[in-house]
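> The sequence and its predicted three-dimensional model are supplied below.
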Amino acid sequence: MPLSSSAIRANLLLLRGGGGLFVSSRLASSAVLSTRPYKLHKLESGPASEAQVTSDEARKYYRDMATVRRMETAAGNLYKEKAIRGFCHLYSGQEACCVGMEAVLDRNDPVITAYRAHGWTYTRGVPVKAVLSELTGRASGCAKGKGGSMHMYNHNFYGGNGIVGAQVPLGAGIAFAQKYREDKRVCVTLYGDGAANQGQVFEAFNMAKLWDLPCIFVCENNKYGMGTAVERAAASTAYYTRGDYIPGLWVDAMDVITVREATRFAKDWCLSGKGPILLEMETYRYHGHSMSDPGTSYRTREEVQSMRQMRDPIASFRQTLLTAELVAEEELKEIDQSVRKEVDEAVQAAKTNAVPDPKELYTNVYSQPPSGQPNYRIRGIDQFTWSAN
Amino acid sequence: CRSLAARLGPVCLDAASFSHRRLSFGPQFVYTPESADKSLGETSRMNLFQAVTSALDNTLANDPSAVVFGEDVAFGGVFRCTVGLKDKYGKDRVFNTPLSEQGIVGFAIGHAVAGATTVAEIQFGDYIFPAFDQIANEASKYRYRSGNHFNCGSLTVRAPIGAVGHGALYHSQSPEGFFAHLPGIKVVIPRGPIQAKGLLLACINDPDPCFYFEPKILYRSAVEDVPVNGYVLPIGKAEVLIEGSDVTLIGYGTQVHVLREVARLAQSELGVSCELIDMRTILPFDEETVYASVCKTGRCLIAHEAPLTGGFGAELAASVQEHCFLNLEAPVRRVTGHDTPFPHIFENFYLPNQRRCLAAIKDLIGY
C-alpha cells in the first residue's frame, strides 16, 4: 500500500555516503542516486558521482520525460494522418537530455537548439497543446502556426532552427549579451553530431573562449547525422574534445540524473567566470531523422530495439525510482495516465483549432512599416491575397 | 474585386472556410511530357531525377577525371539523383562529404581549379548560403582575377530548389536571383527530364562554373522518354514553347508548366493568345529571344516563385522595357512570390498561381 505523502514526509529517510541506495519498506522522500561515469577534457575534476534526488523531483523528471515521449509519438501519428505536413523531427529517446538539463537551468537561462526541438520546447514551458498546434499550423501554435516543427519559441527559448549549425554562433551571441548585461545566467547552445562539422561552430567556439562567454555548448550526439553514422562524417568523434581549448565533458545522456549533474557542473563553471564549456550528450533517437526517414536503412532494427530495451531513459529511470522507493508504482501509473490525457486533449486541439488568419502570410516581415512610408505594403500582394497594412 | 474573383474561379476569400484538406498545396500544374529529337537515338522512360542520374552516369563513364560528391550522394541521394553511381564507379569518384556546405563548395572549386571535372551537390538550395562566399568571391572571379591564368570552369554545383507543397521556409526557396547577380558564373534551371539531362551535361562540359538548380517538385512528377546517350542543349538560349501574338509569358523551371495552363486558360476564357518562353538559363540570359518576343506581342508577364523585390523578374522587366519600350502596349508585369520568407502556412496564396497570372494578363490586355 502506498503511504500518503504526509506520512512519507513524516518518515524522512536520507542516506549519504557509500554510494549505495537504502532499501526501505516505506517510500523515501529523497534518495542518493549514482551518476554514470563522465569523461573529462581539459578538466581536473568533473561532476558529482552521486546526487540527492527528492521524490518530487523524481516525479517531475519522470512526468516530463513521459510527456515528451508521448507528445512525440502523437506528433508522429498526426504526421502519418497528414495532419502535420512538411518536416517533423522527433526527439524520442533523447528525453533525458532536455529534462535533465532543464532541472538545473531556470527560465532565465536562455536556450537555443536545432530542429529536433519539440522536447526542448516543452521543457521550456510551451504546453503540449501549443507544440502540437504549431505542428499542425494552427493559430494556437507557439509561433502562430508560422514556424512549424523547426521553429518553436518561448521566453528565453530562441528556437528551433532549421539550418544546421546556424544556431551555434547565435548562442554565442546570446551568451555575450548575458555577460554584457552582467546577468548571472548561462546560455545553453545545442547542436547535433552532424552540425559539429560546420565551420561556424568553430568560429563560435573561438569567440566564446576568447571573450570568456558564459556559454554551455551541448553536442547532442545521437550517433547519426541524418543517415550518416558519426564515424563516416567526422575525423574525430570525440565531440566533447572538439572545442579544443574549451574544456569538455562527455555525458551518458540516457540517464537523467547524470545529465542533471553534468549541467550543474557546467553552469557553475560558466557562472564562476571560467568561460565556455562543451558537453557532449551521448544519446539515441529511436525514430529516423525525420518522418520521411524510416531510420532503418543505415542502422539495424536490432540496434534500435536493443537501445529501447536496455537503455531507454524513461524505463531505466522508472526502474531506479522503484528500486530506490522514491515513487510508488501506482503513482507512476497515474502519471502515465495523466500524461496520456493531456496529450490526447492536445491532439484534439491541434486537429480542430482555428487556422491562422490569412494576414499572417505577410505580417511580421518587419516590425512595422518604415517610418518614411506610412502606406507601406508588402510587395507582391495583389487582389487575390490581401493588402498588407 | 469580388466579381473578378467569381469569374475567374473559386478562390476562398473567407478565412472561416479554410481547412487544410480543401486547399491543395504547392505549385498547381499538369506536366506535359515532351519528346526528344529522334537523332539523339534510343530513349528510356525517365523522370527528372533519373535524367540527372543518366547525365552523371554519362559523365563518369566518359571523363576519367570526373567526380561527384555531396551529402548522402553515395547511397543515391535524398532525391535519388545519384542512385547506383557509387557502385558503378567506385567510392573514390562518388562519395559523401560531411555536413559542411562552405567546405563542399570551396573544396569543389579547388578541385576544379586543379583541372578535374567536379560535380558537387548541395542537398537543398536553401542550404547553399554558407557557400555563397566561395561562389561569389572565389568561383565567379577566378578567371577574371588571374587574367585567365586559372579558372574553375570544370565545376558544376547542383541543388534542388523550389516549392513542393510542404517545404516551408527552408526547403522551398528559389535562390536563383542571388546568383544572377554574379558575373562569371552560369545559372541554369531545367523544366523537365529531357531538358534536365541535356542542360546538366552542357553545364558539366561548360568552360565556366555552372550552378544548376533542379525544381524538386518535378523530380518524380515529370516523366519523359529521355535519350540514353549523352547530348547537350545550349546554355544561354531560351526556348519558345508556345507561339502567340498577344502576351509574352516568361518563366523557368516549374513555373513554365503553370504558365502553360495559364496560356490555355487565357485562350479559352479570355481569347488571348500567349507566347510562352522558358528561359532555361538565368545567367547569361537570352536577351535576343526575349526582346524579339515582346517586341512582337507588346505585352510581357514574368512569373517566378522567388520574392518580387530584386527577383530575377526585376532584371528581365528592366531589360525588356529598355529594349522594347516603343513596342510595349502595357507595363511589364511580374507575378511572383510575395516579399516575405517562404511561408509555412498559406503557401498556395504565396505562389504565382494560375489565378494570379490570369488576373495579370487581364490587366495587361485591358491596360
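Cool, got the structure.
> hey, let's count contacts and neighbours off CA atoms from now on
OK.
> Show me the strands in chain A, by range?
A:30-34, A:39-41, A:50-54, A:111-112, A:187-192, A:215-221, A:224-225, A:228-229, A:248-252, A:277-282 (DSSP state E).
> Sorry, wrong one. I was asking about the stretch 101-250 of chain B.
Taking DSSP state E, counting those that start in this stretch as the criterion, the stretch 101-250 of chain B carries its strands at B:118-121, B:155-161, B:186-188, B:210-215, B:223-227, B:239-242, B:247-251.
> wait, which of the ones you listed is closest to chain A?
Among the strands of the stretch 101-250 of chain B, strand B:155-161 comes nearest to chain A, with 15.2 Å by CA to the nearest CA.
> re earlier: arrange the strands of the stretch 101-250 of chain B in CSV, one row each, with mean neighbour count, distance to chain A and mean pLDDT as further columns.
Converted to CSV, the strands of the stretch 101-250 of chain B look like this (neighbours: other CA atoms under 10 Å in any protein chain shown; distance: least, CA to the nearest CA, whole Å; pLDDT from 0 to 100):
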stretch, mean neighbour count, distance to chain A, mean pLDDT
strand B:118-121, 27, 16, 98
strand B:155-161, 26, 15, 98
strand B:186-188, 26, 24, 98
strand B:210-215, 27, 17, 98
strand B:223-227, 23, 23, 98
strand B:239-242, 15, 26, 98
strand B:247-251, 28, 17, 98
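> Output those strands in CSV, with distance to A:Arg138 appended to each entry.
As requested, those are exported to CSV (distance: least, CA to CA, whole Å):
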stretch, distance to A:Arg138
strand B:118-121, 35
strand B:155-161, 26
strand B:186-188, 38
strand B:210-215, 29
strand B:223-227, 36
strand B:239-242, 41
strand B:247-251, 33
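> Just tell me which of the ones you listed ends up closest to A:Thr67.
strand B:155-161 (36.7 Å; CA to CA).
> just to revisit the earlier point, any chance of the strands of chain A in JSON lines, plus mean neighbour count and mean pLDDT?
Formatted as JSON lines, those follow (neighbours: other CA atoms under 10 Å in any protein chain shown; pLDDT from 0 to 100):
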{"stretch": "strand A:30-34", "mean neighbour count": "21", "mean pLDDT": "95"}
{"stretch": "strand A:39-41", "mean neighbour count": "19", "mean pLDDT": "98"}
{"stretch": "strand A:50-54", "mean neighbour count": "17", "mean pLDDT": "97"}
{"stretch": "strand A:111-112", "mean neighbour count": "28", "mean pLDDT": "98"}
{"stretch": "strand A:187-192", "mean neighbour count": "26", "mean pLDDT": "98"}
{"stretch": "strand A:215-221", "mean neighbour count": "27", "mean pLDDT": "98"}
{"stretch": "strand A:224-225", "mean neighbour count": "20", "mean pLDDT": "96"}
{"stretch": "strand A:228-229", "mean neighbour count": "18", "mean pLDDT": "94"}
{"stretch": "strand A:248-252", "mean neighbour count": "26", "mean pLDDT": "98"}
{"stretch": "strand A:277-282", "mean neighbour count": "27", "mean pLDDT": "98"}
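> any idea how far the residue nearest to A:Glu231 when sequence neighbours are not counted is from A:Lys80?
Leaving aside its chain neighbours, A:Glu231 sits nearest to A:Thr237 (6.5 Å; criterion: CA to CA, 6 or more residues apart in numbering or on different chains). Distance from A:Thr237 to A:Lys80, counting by CA to CA, to the nearest Å: 34 Å.
> Likewise for B:Gly70?
B:Gly70 is 30 Å from A:Lys80, by CA to CA.
> A:Pro358 too?
26 Å.
> contact partners of stretch B:62-80?
Outside stretch B:62-80, the residues that touch it by CA atoms under 8 Å, 6 or more residues apart in numbering or on different chains are A:227-228, B:49-50, B:56, B:59-60, B:81-86, B:91-99, B:104, B:116-123, B:219.
> buried subset of those residues?
A:227-228, B:49-50, B:56, B:59-60, B:81-86, B:93-99, B:104, B:116-123, B:219 (16 or more other CA atoms under 10 Å in any protein chain shown).
> sorry, back to before: now distance to A:Thr67 too, for the strands of chain A, in JSON lines please.
JSON lines is the format used below for these (distance: least, CA to CA, whole Å):
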{"stretch": "strand A:30-34", "distance to A:Thr67": "23"}
{"stretch": "strand A:39-41", "distance to A:Thr67": "30"}
{"stretch": "strand A:50-54", "distance to A:Thr67": "20"}
{"stretch": "strand A:111-112", "distance to A:Thr67": "20"}
{"stretch": "strand A:187-192", "distance to A:Thr67": "21"}
{"stretch": "strand A:215-221", "distance to A:Thr67": "20"}
{"stretch": "strand A:224-225", "distance to A:Thr67": "24"}
{"stretch": "strand A:228-229", "distance to A:Thr67": "29"}
{"stretch": "strand A:248-252", "distance to A:Thr67": "21"}
{"stretch": "strand A:277-282", "distance to A:Thr67": "20"}
